[in-house]
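A.B. asks: Here is a sequence together with a model predicted from it:
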2 protein chains.
Amino acid sequence: MGAFRSIAIVGAGLVGSGWAIVFARSGASVSVYDADAAIRGSVLDRIEASLEEMRAVGLVEAVAPVLARITVADTLADAVRDADYVQESVFERTDVKTAISLEIDASMRPDAVVGSSSSGIPASAFTEGCRNRARFLIAHPVNPPHLVPLVELVPAPWTDPAIVPVLRAEMEAAGQVAIVVNREIEGFILNRLQGALLNEAWALYESGYASAADIDATVAHGLGLRWSFMGPFETIDLNAPGGVADYARRLGPLYHSVALDRTAPRPWSDDLVARVETERRALLPQADLAARRAWRDARLMRLVAHKRQTAKEAGP
Amino acid sequence: MGAFRSIAIVGAGLVGSGWAIVFARSGASVSVYDADAAIRGSVLDRIEASLEEMRAVGLVEAVAPVLARITVADTLADAVRDADYVQESVFERTDVKTAISLEIDASMRPDAVVGSSSSGIPASAFTEGCRNRARFLIAHPVNPPHLVPLVELVPAPWTDPAIVPVLRAEMEAAGQVAIVVNREIEGFILNRLQGALLNEAWALYESGYASAADIDATVAHGLGLRWSFMGPFETIDLNAPGGVADYARRLGPLYHSVALDRTAPRPWSDDLVARVETERRALLPQADLAARRAWRDARLMRLVAHKRQTAKEAGP
């Protein structure tokens, strides 16, 4: 557990309930609020079910002690009043984020920190009017946060720079891996990297070089293996005898040439999307999407358990 | 085992010896040739060491029967004469590939298939003069091929289209995952996808948005997890309630906007490369590169064992 002992979760859908698990698992007291009474009523059951699944693969030792640290608050003010840290995960629309930020601002301790799970809207778009706006920033997780550890911290221009390393340390203490995006940029880091690969994938498909299934296989059975435990820079650093500079000398010109093919990017057209949709629905009918998502989450959970196990074997 | 019972491996470095393991593991007889007598002399010891490591994590049941199916040939002609399939993995330079292809061509059965491990040079650049050029194509693995299953099949314009599905089926029978690149393109599919993500990573680093270590962590602890068992299209298909078309409607404009930021790609400059090199060497000194590569291969081997295990739990 870090120095943040008391956590408020605002918005208790899939993302918010995942965050509740992250902080409760690390020993903090977690108070959960959602404006929707039905969500408030169901959140503890959903969290308990997730914790049971995690226990089955060894990701938590026992369910009851974690669950006991989570309470549901009847009002936002009750949830937030004593919190060291507030994680906000409401619907991603600027007006909704603005309203909830003002509400948090009105009840928070002036020394608390507020992180938004926003995956695209920067904090500068919805926290300007907050009295404590220097305490707000983005803390964007990958879903679900209790399984995928990565969180992007993105300060607004008016965020107090001192809180960034503090939140980074607190996230690490809670078992997450925090990265810092030094200033706001559309898509932050993760979705820009994803977008670059996706844009190339769609372009290759559009020009008829390969099927969507074969492009998927290229990643799932090739490119993606190293990337599940090493990043792109470390991968190339180890892929040439002399390290990254040696690699850049050998392969930089190829990658530059590939980029020069893509200087007139086209949107994913309706026709193109329809063709991929047709191929995907032949592989996975619409009615099976939900079951496949459950399969994905089970795979993800086992992969995370595998990574924890193998990470104990230290490298140089 | 597929229909290819007799395999020739031409070029027995890291890649070629990995291929020998792939085919011998599946039950085929493998004849290995390398022009370098020292490599011919050491290849069986290297293969045995790799097989022992694989056995330790359950990737092969026993070493001796696999090893017994591999012999070393004294001449290229001896290796390829009776082969159903020849996998060529010599040094990647057009003149070297051309010379070896002509040599294979002179000794092969006219109904054999020849796949080159070339990672960048297309088959049309070095097989035109071969009598049996319709039997040649690219079969580009990810290193090492006995651990990472993906192989890209890329026919030249004169490759007999009928052999592509045959080799695909044979590769699958040998435990690999083969994808078909319908026609030649620079970088094939895998390195183009890698290049797209790398170019964005270098550009983000160059503009000071994040450290190389944080960009690496974004992939290794976030983006790369799903990609180690699902491709990019399946990932987005499951990431919106209505599937891939729904996802494209919601996020296509963001990714198009990200692409519009990158219409004037710059080469990875010497100065930029030097800065990343400095950051990497502070994290991992030059002297530790080899040990880190051994760590990577051990992680890769365990990941592959983990994937085999979890893949048995069928999804929809």
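C.D. replies: That came in fine, so what should we check first? Residues are numbered from 1 along each chain as shown, chains lettered A, B, ... in the order given.

A.B. asks: Leaving out sequence neighbours, find the closest residue to the residue in the stretch 1-150 of chain A positioned nearest to chain B.
C.D. replies: When scored by Cβ to the nearest Cβ, the stretch 1-150 of chain A has residue A:150 as its residue closest to chain B, at 3.0 Å. In this view, the C-beta of every residue, glycine as well, is placed from N, C-alpha and C. Nearest residue to residue A:150, sequence neighbours excluded (Cβ to Cβ, 6 or more residues apart in numbering or on different chains): residue B:222, at 3.0 Å.

A.B. asks: try residue A:32
C.D. replies: Leaving aside its sequence neighbours, residue A:32 sits nearest to residue A:9 (Cβ to Cβ, 6+ apart; 4.5 Å).

A.B. asks: Could I get the phi/psi values of that neighbour?
C.D. replies: Dihedral angles of residue A:9 (phi, psi; degrees, to the nearest 10) stand at phi -110, psi 120.

A.B. asks: quick one: contacts for it?
C.D. replies: Residues in contact with residue A:9 (Cβ atoms under 8 Å, 6 or more residues apart in numbering or on different chains) are A:16-17, A:19-20, A:23, A:30-33, A:79, A:86-87, A:89.

A.B. asks: These in strands, which ones?
C.D. replies: Those of the contacts of residue A:9 mapping onto strands are A:30-33, A:86-87, per DSSP state E.

A.B. asks: May I ask you to name the longest helix in chain A?
C.D. replies: helix A:289-311 (DSSP state H).

A.B. asks: wait, does it contact chain B?
C.D. replies: Yes - under the criterion of Cβ under 8 Å from any Cβ of the partner chain, chain B is reached by helix A:289-311 at A:289, A:291-293, A:295-296, A:298-300, A:302-304, A:306, A:310.

A.B. asks: Show me which of these is closest to chain B.
C.D. replies: residue A:295 (3.2 Å).

A.B. asks: Quick one: residues contacting the spatially most central residue of chain A.
C.D. replies: In chain A, the residue lying closest to the centroid (Cα atoms, centre = their mean) is residue A:142, at 1.7 Å. Contacts of residue A:142 were listed using Cβ under 8 Å, 6+ apart, and they are A:148, A:150-151, A:190, B:222-223, B:225.

A.B. asks: same question, residue A:196
C.D. replies: B:196-197, B:199-200, B:258-259, B:262.

A.B. asks: That one sits in which helix or strand?
C.D. replies: Using DSSP states H and E, residue A:196 sits within helix A:190-206.

A.B. asks: Most widely separated two among the contacts of residue A:9?
C.D. replies: Spanning the widest gap among the contacts of residue A:9 are A:17 and A:86, at 15.4 Å by Cβ to Cβ.

A.B. asks: where exactly do the strands run in chain A?
C.D. replies: Using DSSP E, the strands found in chain A span residues A:6-10, A:29-33, A:70-72, A:85-88, A:113-116, A:136-141, A:150-155, A:177-180.

A.B. asks: helices or strands up against the shortest one?
C.D. replies: Put plainly, it is strand A:70-72. Where contact means 3 or more Cβ pairs under 8 Å, 6 or more residues apart in numbering or on different chains; DSSP states H and E, strand A:70-72 is packed against strand A:29-33, helix A:37-56.

A.B. asks: and if we set it to 10 Å?
C.D. replies: Applying 3 or more Cβ pairs under 10 Å, 6 or more residues apart in numbering or on different chains; DSSP states H and E, one finds that strand A:70-72 contacts strand A:6-10, helix A:14-25, strand A:29-33, helix A:37-56, helix A:76-80.

A.B. asks: Output these in TSV; the columns should cover mean pLDDT and distance to residue A:134.
C.D. replies: Listed next are the helices and strands packed on strand A:70-72 as TSV, based on pLDDT from 0 to 100; distance: least, Cβ to Cβ, whole Å:
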stretch	mean pLDDT	distance to residue A:134
strand A:6-10	98	18
helix A:14-25	97	22
strand A:29-33	98	23
helix A:37-56	97	30
helix A:76-80	98	17
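
A.B. asks: what's the most buried one of those?
C.D. replies: Of those, the one with the most neighbours on average (mean count of other Cβ atoms under 10 Å in any protein chain shown) is strand A:6-10, at a mean of 27.

A.B. asks: and it, C-alpha only, in PDB?
C.D. replies: Extracted in PDB, the C-alpha atoms of strand A:6-10 (Å, rounded to 0.1, in the frame of the first residue of the first chain):
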ATOM      1  CA  SER A   6      -8.500   6.400   1.300                       C
ATOM      2  CA  ILE A   7      -9.700   6.200  -2.300                       C
ATOM      3  CA  ALA A   8     -12.900   7.400  -3.900                       C
ATOM      4  CA  ILE A   9     -14.200   5.800  -7.100                       C
ATOM      5  CA  VAL A  10     -16.700   8.000  -9.000                       C
END
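
A.B. asks: before we move on, back to that, same list (the strands of chain A) but as TSV, adding distance to residue A:280.
C.D. replies: Below are these laid out as TSV (distance: least, Cβ to Cβ, whole Å):
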stretch	distance to residue A:280
strand A:6-10	34
strand A:29-33	35
strand A:70-72	37
strand A:85-88	33
strand A:113-116	32
strand A:136-141	26
strand A:150-155	26
strand A:177-180	31
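
A.B. asks: mind listing what residue A:85 touches?
C.D. replies: Residue A:85 is in contact with A:2-9, A:23, A:28, A:108, A:112-115, A:135, A:139, A:166-167, A:170-171, A:174, counting by Cβ atoms under 10 Å, 6 or more residues apart in numbering or on different chains.

A.B. asks: Show the model's pLDDT score for the closest residue to it other than its chain neighbours.
C.D. replies: Nearest residue to residue A:85, sequence neighbours excluded (Cβ to Cβ, 6+ apart): residue A:4, at 4.5 Å. If you check residue A:4, the pLDDT there is 96.

A.B. asks: what does residue A:118 give?
C.D. replies: At residue A:118, the pLDDT value in this model is 96.

A.B. asks: circling back: make CSV from the residues of helix A:289-311 next to chain B and add neighbour count and distance to residue B:125 to it.
C.D. replies: Formatted as CSV, those follow (neighbours: other Cβ atoms under 10 Å in any protein chain shown; distance: Cβ to Cβ, whole Å):
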residue, neighbour count, distance to residue B:125
A:289, 18, 43
A:291, 12, 46
A:292, 18, 41
A:293, 16, 44
A:295, 18, 42
A:296, 18, 41
A:298, 16, 45
A:299, 20, 40
A:300, 20, 42
A:302, 20, 43
A:303, 23, 39
A:304, 20, 44
A:306, 21, 41
A:310, 15, 40
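
A.B. asks: Which parts of the stretch 151-300 of chain A are helices?
C.D. replies: A:163-173, A:190-206, A:212-218, A:224-227, A:232-238, A:244-260, A:270-283, A:289-311 (DSSP state H, counting those that start in this stretch).

A.B. asks: Take the ones you listed and write them to CSV, including mean pLDDT and distance to residue B:251.
C.D. replies: As requested, the helices of the stretch 151-300 of chain A are exported to CSV (pLDDT from 0 to 100; distance: least, Cβ to Cβ, whole Å):
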stretch, mean pLDDT, distance to residue B:251
helix A:163-173, 98, 25
helix A:190-206, 97, 8
helix A:212-218, 98, 17
helix A:224-227, 98, 20
helix A:232-238, 97, 21
helix A:244-260, 94, 22
helix A:270-283, 97, 11
helix A:289-311, 94, 17
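
A.B. asks: mind putting these in JSON lines, distance to residue B:68 included?
C.D. replies: Putting those into JSON lines (distance: least, Cβ to Cβ, whole Å) gives the following:
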{"stretch": "helix A:163-173", "distance to residue B:68": "50"}
{"stretch": "helix A:190-206", "distance to residue B:68": "42"}
{"stretch": "helix A:212-218", "distance to residue B:68": "32"}
{"stretch": "helix A:224-227", "distance to residue B:68": "29"}
{"stretch": "helix A:232-238", "distance to residue B:68": "33"}
{"stretch": "helix A:244-260", "distance to residue B:68": "38"}
{"stretch": "helix A:270-283", "distance to residue B:68": "40"}
{"stretch": "helix A:289-311", "distance to residue B:68": "31"}
